[in-house]
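Chemist: whatever this is, show me its structure:
(one chain, ligands or ions: 1)
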Amino acid sequence: MTEANRRQTVLSGMRPTGRLHLGHYHGVLKNWARLQSEYDCFFFVADWHALTTDYGDAEQLSEHVIDMAIDWLATGIDPQAATLFVQSQVREHAELHLLLSMTTPLSWLERVPSYKEQREKLAGKSLDTYGFLGYPLLQAADILVYGAEFVPVGADQVAHVELTREVARRFNHLHGRKVLAEPQALLTRFAKMPGLDGQKMSKSYHNAIELREAPEQVEKKIRTMPTDPARVRRSDPGDPGKCPAWQFHEVYSSEQTRQWARQGCVSAGIGCVECKRPLIDAVLEELEPIRKAASVYEEDPGAVRAILWAGAERARESAEATMQQARDAMGLSRWQSESPAPMR
Ligand code: SF4
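Modeler: This is a model prediction of the structure:
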């Protein structure tokens, strides 16, 4: 492939948290599906990252890895179009992380905004570890080891890409050659999928609909999700602005259905059960092909593992090319090219 027709590289990863939900689908996976047709994409399961905060809770990690990969595949993330792999199967991430840790000042890591925020958010966990402080550097290694040109991020993660750029610049400067390419943030407006209670959809808030959830369960969850709390009786007019189900209409319904719901709500012309019917139908319709595709992989987890192994092999090939240059720049491979002195 010539430089002219080489596609630019995008890297993105997700921590393995088990089965994915509609928030992941609307927020990340639909974007990945689009990116894989435009860029050379590396999508990885960030299992080492999961250990930076959940090191004491690693028992379910391998199950979570496979579950997440099944959901990626079922939503159209295509192993022929993108490289899908598990971070810990490509040891070059760890090697570059180690080499970068030699030259990265501690203060750069301490000032990453999410370091303080996460420590406060996860106050119940003991996070006085190097792994936790160093995770933005591991992230930098994840990106730099593939020479990724773009990293899709929301506005709150731009600081991580900026740190990666600084780390690359420092490395190149100290070693007098351009080994590591500086990535750009591919600023992405992640579609927000509200949870059943109107907060952000998240497993830990218990307000999520999983992609492989049984249809009866999905229907029940939407039927019983909260509405405008002031609309106690069917005859009380409601306010869509105070109703989590209305936020689902904003994601799923046409303008015509939204008008019908809004009008029916403020005039008490329709009841909440009636108002939620089009939402139930739309979510079930969206999830049906995903559930079907996932069931094929559920029956054959060996095929999922094979996809991840093949992806790791492709990823290693690309990562190894960067590592050879990085080792060489740090003087680690020079002695290997000289023939050993004869033994006496
Ligand atoms: S009618 Fe619809 S928008 Fe109004 S409160 Fe009920 S569910 Fe919400």
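
Chemist: got the domain ranges for the protein?
Modeler: Domain assignment for the chain by automatic domain parsing gives 9-193+301-337, 212-295.

Chemist: so which of those domains gets nearest the ligand?
Modeler: Smallest distance to the ligand across the domains of the chain (Cβ to the nearest ligand atom): 3.1 Å, for domain 212-295. C-beta here means a position set from N, CA and C on the backbone, and glycine is covered the same way.

Chemist: and the closest one, end to end?
Modeler: Between the start and the finish of domain 212-295 there is a gap of 9 Å, counting by Cα to Cα, to the nearest Å.

Chemist: just stretch 228-248 next, same as before
Modeler: 13 Å.

Chemist: equivalent analysis for stretch 195-215, please.
Modeler: End-to-end distance (Cα to Cα), stretch 195-215: 17 Å.

Chemist: that one vs the ligand: in contact?
Modeler: No - judged by Cβ under 6 Å from any ligand atom, stretch 195-215 and the ligand are separated, with a smallest distance of 10.6 Å.

Chemist: which residues touch that stretch?
Modeler: Contacting residues not belonging to stretch 195-215 are listed as 17-25, 71, 74-75, 192-194, 218, 221-222, 225-226, 243-244, 247, 283-284, 287-288, 290-291, 294 [Cβ atoms under 8 Å, 6 or more residues apart in numbering].

Chemist: and with 7 Å instead?
Modeler: 17, 19-23, 25, 71, 74-75, 193-194, 218, 221, 225-226, 244, 247, 283-284, 287, 290-291, 294 (Cβ atoms under 7 Å, 6 or more residues apart in numbering).

Chemist: and for stretch 103-112?
Modeler: For stretch 103-112, the external contacting residues (Cβ under 7 Å, 6+ apart) are 115, 133-134, 136-137, 159-160, 163, 166-167, 170-171, 174.

Chemist: mind redoing it with 6 Å?
Modeler: Leu133, Pro136, Leu137, Val167, Arg170, Leu174 (Cβ atoms under 6 Å, 6 or more residues apart in numbering).

Chemist: re earlier: buried ones among the contacts of stretch 195-215?
Modeler: Among those, those scoring as buried are 17, 19-23, 25, 71, 74-75, 193-194, 218, 221, 225, 244, 247, 283, 287, 290-291, 294 (criterion: 16 or more other Cβ atoms under 10 Å).

Chemist: filter those down to just the ones in helices.
Modeler: In helices, judged by DSSP state H, the following of the buried ones among the contacts of stretch 195-215 are found: 22-23, 71, 74, 218, 221, 244, 247, 283, 287, 290-291, 294.

Chemist: got the residues you listed as a markdown table, with distance to the ligand and pLDDT columns?
Modeler: A markdown table is the format used below for these (distance: Cβ to the nearest ligand atom, whole Å; pLDDT from 0 to 100):
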| residue | distance to the ligand | pLDDT |
| --- | --- | --- |
| Leu22 | 18 | 97 |
| Gly23 | 20 | 94 |
| Asp71 | 29 | 98 |
| Ala74 | 30 | 98 |
| Val218 | 16 | 98 |
| Lys221 | 14 | 98 |
| Pro244 | 8 | 96 |
| Gln247 | 9 | 96 |
| Val283 | 14 | 98 |
| Leu287 | 20 | 98 |
| Ile290 | 25 | 98 |
| Arg291 | 25 | 98 |
| Ala294 | 30 | 98 |
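
Chemist: make a markdown table from the residues you listed and add distance to Ala94 to it.
Modeler: Below are these laid out as a markdown table (distance: Cβ to Cβ, whole Å):
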| residue | distance to Ala94 |
| --- | --- |
| Leu22 | 33 |
| Gly23 | 30 |
| Asp71 | 26 |
| Ala74 | 30 |
| Val218 | 40 |
| Lys221 | 40 |
| Pro244 | 42 |
| Gln247 | 41 |
| Val283 | 40 |
| Leu287 | 37 |
| Ile290 | 33 |
| Arg291 | 36 |
| Ala294 | 31 |
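
Chemist: sounds good, over and out.
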